[in-house]
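1. next input, structure requested:
(one chain, ligands or ions: 2)
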Amino acid sequence: MRHSEYFIPTHKEIPSDAEIISHQLMLRAGMIRKLTSGVYTYLPTGLKAVRKAENIIREEMNRAGAIEVLMPAVQPGELWKESGRWDYYGRELLRFKDRHNRDACLGPTHEEVITDLVRKEIHSYKQMPINFYQIQTKFRDEIRPRFGIMRGREFIMKDAYSFDTDEEAADRSYRIMYEAYTRIFNRCGLKFRAVEADTGTIGGSSSHEFMVIAKTGEDQIITCSDCDYAANVEKAEVSPVMEPREVMENGMSLMEEVVTPGIKTVSEVTSFLKISPDQLIKTLIYKADDEVIAVLIRGDHELNEHKFQSFVGAGEIELAGPDLVFEITGAPTGFAGPQGLKIKIIADQSIRGMKNFVTGGNKKDLHLKNMNIGRDFTVDRFADLRLITSTDLCPKCGGKISFGRGIEVGHIFKLGTKYSQALNALFLDEHGKEKPVIMGCYGIGVSRIVAAAIEQNHDKDGIIFPIPISPFEVTILPLRVDEKIIIDTTERIYQELLDQKIDVLLDDRAERPGIKFKDADLLGTPVRLTIGPKGLKNGEVEIKLRSEPKSFTCPINDAATIIRKKITGLYDSLK
Ligand code: ATP
Ligand code: MG
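-> Residues are numbered from 1 along each chain as shown. Ligands and ions are numbered 1, 2, ... in the order given. Predicted coordinates for the structure are as follows:
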């Protein structure tokens with residue numbers, strides 16, 4: 001590609017509305033432009049990077065035996081009503097009506113559409129296993145679109161759906177996708193980790209997220225330094241061995257009321273009463289669908305809402321507002337306690353063995369000291385409900401855990417029969433018995449891969465693209481475009497590289513060298529070939545890898561061969 005005939009509108013200034021580096025660099029390098037909130041146009045280099053990621057995904061999905069299809073972006077509301085998600089999906093689903101007043105939506109995901117296809121086309125065990133995938137534009141009306149294409153409203157996703165006859169086969173399909181994802185993200189040059197993920201209300205036995213390790217990641221993950229356990233904190237179990245389990249009957253002190261005027265928060269109460277936070281129990285009032293539930297958590301712990309939601313099996317949970325808190329406890333927010341409550345009380349397992357603790361008094365400006373489970377109130381159920389902390393040990397091996405952040409680029413999920421049952425996708429097994437097909441779903445944020453790769457690979461001068469998803473593999477940078485010897489040499493090497501199917505950008509602009517160098521660094525092309533008058537006098541050109549600080553020179557005639565070797569080396573390092 002000749003720069004003079006191409007379109008790479010670069011900028012020096014850091015765009016003021018771009019918070020994270022990948023967003024800034026994609027704008028500055030001329031890869032994307034914003035149309036409206038969370039909606040972007042891919043300019044030529046942005047599109048090239050996305051297409052390269054797509055091709056890797058397509059190759060690996062095909063290799064894993066998945067079959068490519070392309071489903072519609074517009075979906076009938078009817079189908080979503082059948083699956084039950086029309087009411088449940090929330091406002092991320094962009095709904096509208098067509099001219100016949102029929103409900104429709106823009107597809108945020110395609111479980112309904114693919115299950116509709118399968119119920120019409122797959123009727124026998126002989127037609128399975130089968131896995132369909134597509135690479136397609138999704139729309140989700142995200143509450144907080146941000147970070148450019150990292151969290152857009154419109155974005156490109158690869159989504160795959162597997163269909164199997166029994167659990168064992170479904171497990172196999174899941175494993176095949178796990179392995180394909182591992183190859184895909186390795187080939188994209190990403191440093192990532194597969195972590196156990198929350199299966200939410202769908203239940204399902206397992207789910208993994210593929211997390212690109214990055215400080216700016218929106219997800220928090222934990223990893224064990226002694227075993228292979230890694231999990232999203234939303235999911236991370238708390239080892240029960242960390243939690244005291246015995247209730248000590250003896251040693252209960254007399255319960256005492258204490259006036260705590262305007263003292264509400266954990267830190268206010270603990271400093272007022274001169275106790276440590278682990279001697280206090282927070283009583284949180286939640287609405288779980290139509291039920292109101294009290295959740296007890298130790299003062300130094302945080303509730304894990306995902307665990308709570310799964311535990312109570314609610315479609316939606318919400319912390320109660322002041323009115324509901326008053327109705328349930330008779331007190332303003334900040335003074336709730338378990339004593340005398342008429343609603344279900346569930347408690348984190350960590351409070352099972354606590355004694356003589358402090359709770360709210362269900363009256364304005366009142367707390368209660370020396371509270372005890374059994375004597376002063378009862379707990380309906382104990383469960384692991386809290387967020388893991390840095391002092392917890394690995395739930396699998398008891399080893400040391402550490403916290404990090406990740407960008408979710410992929411998600412694989414065992415769906416079971418949720419959709420096949422709702423939409424009647426049935427098949428006949430080898431005994432002629434009718435059964436629902438067993439599904440799995442597997443997503444990759446294709447556009448997000450590019451942003452995540454930049455987040456992980458950049459320096460002060462710009463992007464350092466992993467070669468497989470770099471818009472170009474090589475930039476040729478002639479320092480002058482008005483000297484015949486430079487033009488001739490440049491053209492010769494350019495043609496030679498093109499002949500070898502190398503993806504080259506020739507910066508043939510009549511710009512100052514400084515500008516060309518800056519733009520080349522900004523766009524992050526892995527290999528740069530500089531051709532200048534001084535070097536040519538000695539029969540030499542200069543090669544520099546974007547990932548290495550120093551350049552080196554080589555004879556003109558060897559340049560193409562050396563470049564090819566460097567490129568091969570860069571690809572090989574990702575195998
Ligand atoms: P997130 O928690 O980031 O919102 P999700 O759990 O909603 O992700 P999935 O429904 O599993 O995501 O979608 C599959 C993949 O699509 C995700 O792993 C992610 O890489 C990508 N993705 C999801 N939402 C967006 C978005 N708003 N912009 C870009 N990519 C996205
Ligand atoms: Mg989401």
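2. what strand or helix carries the residue nearest the centre of the chain?
-> Computing the C-alpha centroid of the chain and ranking residues by CA atoms, centre = their mean puts residue 408 first, at 2.0 Å. Assigned by DSSP states H and E, residue 408 falls within strand 401-416.
3. neighbouring strands for that strand, and are they parallel or not?
-> Strand 401-416 pairs in its sheet with strand 207-213 (antiparallel), strand 219-224 (antiparallel), strand 438-445 (antiparallel), by DSSP bridges.
4. and that strand, how far out from the chain middle?
-> Taking the mean of its C-alpha atoms, strand 401-416 sits 6 Å from the chain's own mean (CA atoms, centre = their mean, to the nearest Å).
5. what residues sit buried inside it?
-> Residues of strand 401-416 classed as buried under the neighbour-count rule (16 or more other CB atoms under 10 Å) are 401, 404, 406-416. (Glycine included, C-beta is placed from N, CA and C.)
6. ditto for stretch 465-480
-> Judged by neighbour count using 16+ other CB under 10 Å, the buried positions of stretch 465-480 are 465-479.
7. what's the offset of that stretch from the middle of its chain?
-> 29 Å.
8. okay, and which of the buried residues of stretch 465-480 map to helices?
-> Counting by DSSP state H, no part of those is found in helices.
9. which one of these is nearest residue 119?
-> Lowest distance from residue 119 to the buried residues of stretch 465-480 (CB to CB) belongs to residue 469, with 36.8 Å.
10. for ligand 1, what are the nearby residues on the chain?
-> Counting by CB under 6 Å from any ligand atom, the residues of the chain close to ligand 1 are 109, 140, 142, 151-152, 155, 157, 408-411, 443, 445, 447-448.
11. so which of the buried residues of stretch 465-480 are in strands?
-> Counting by DSSP state E, the part of the buried residues of stretch 465-480 found in strands is 474, 475, 476, 477, 478.
12. circling back to that earlier point, may I see the strands paired with strand 401-416 arranged in TSV, with mean pLDDT, mean neighbour count and distance to residue 170 as well?
-> Output for the strands paired with strand 401-416, formatted as TSV (pLDDT from 0 to 100; neighbours: other CB atoms under 10 Å; distance: least, CB to CB, whole Å):
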stretch	mean pLDDT	mean neighbour count	distance to residue 170
strand 207-213	97	25	13
strand 219-224	96	20	26
strand 438-445	97	25	4
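13. what is the burial count for residue 571?
-> Residue 571 is flanked by 15 other residues according to other CB atoms under 10 Å.
14. number of residues surrounding residue 457?
-> Here the count is done by other CB under 10 Å, and residue 457 has 19 residues near it.
15. wait, it sits on residue 464?
-> Yes - between residue 457 and residue 464 there is a contact at 4.4 Å, judged by CB atoms under 8 Å.
16. what do these two both touch?
-> Shared contacts of residue 457 and residue 464 (CB atoms under 8 Å, 6 or more residues apart in numbering): residue 524.
17. so for residue 199, what's the pLDDT?
-> Predicted confidence (pLDDT) at residue 199: the value is 80.
18. residues contacting it?
-> 205, 206, 207, 310, 413, 414.
19. skip the chain neighbours and tell me the closest residue to the second one.
-> Counting by CB to CB, 6 or more residues apart in numbering, residue 206 lies nearest to residue 414, which is 5.3 Å off, once chain neighbours are set aside.
20. looks like the one you found contacts residue 178 (just checking).
-> No - with contact defined as CB under 8 Å, residue 414 does not count as touching residue 178 (10.9 Å).
21. and the gap between the closest residue to residue 33 other than its chain neighbours and residue 463?
-> Distances taken as CB to CB, 6+ apart put residue 41 closest to residue 33, at 5.0 Å, once the chain neighbours are dropped. Residue 41 sits 19 Å away from residue 463, going by CB to CB, to the nearest Å.
22. give me the pLDDT value at residue 252.
-> Residue 252 is assigned 88 on the pLDDT scale.
23. any idea which element it lies in?
-> Assignment of secondary structure by DSSP H and E places residue 252 within no helix or strand.
24. need the contact list for it.
-> Taking CB under 8 Å, 6+ apart as the test, what residue 252 contacts is 355, 356, 370, 372, 375.
25. and residue 296, by the same measure?
-> Residues near residue 296 by CB under 8 Å, 6+ apart: 281, 282, 283, 284, 338, 345, 346, 347, 348, 351, 379.
26. among those residues, who's most crowded?
-> Within the contacts of residue 296, neighbour counts (other CB under 10 Å) peak at residue 348, which reaches 27 neighbours.
27. where does the stretch 51-200 of the chain get nearest to ligand 1, residue-wise?
-> residue 155 (3.6 Å; CB to the nearest ligand atom).
28. surely that residue and residue 448 touch.
-> Yes - Residue 155 is within contact range of residue 448, at 6.8 Å (criterion: CB under 8 Å).
29. shared neighbours, these two?
-> With CB under 8 Å, 6+ apart, residue 155 and residue 448 have common neighbours residue 149.
30. more neighbours: the two, which one.
-> Taking other CB under 10 Å, residue 155 and residue 448 do not tie; residue 448 has more neighbours (26 against 22).
31. test my guess that that one contacts residue 150.
-> Yes - judged on CB under 8 Å, residue 448 makes contact with residue 150 at a distance of 5.7 Å.
32. quick check: neighbours shared by these two?
-> Taking CB under 8 Å, 6+ apart as the contact rule, residue 448 and residue 150 both touch residue 407.
33. how many residues are close by residue 99?
-> By other CB under 10 Å, 5 other residues sit near residue 99.
34. just residue 520 next, same as before
-> 23.
35. isn't there a helix covering it?
-> Yes - using DSSP: H, G, I helix; E, B strand; the rest coil, the assignment for residue 520 is a helix.
36. quick one: it and residue 507 touch, right?
-> Yes - the pair residue 520 / residue 507 is scored as a contact, 6.8 Å apart, by CB under 8 Å.
37. out of the contacts of residue 199, which is nearest to residue 331?
-> Within the contacts of residue 199, distances to residue 331 taken as CB to CB reach their minimum at residue 310, with 29.3 Å.
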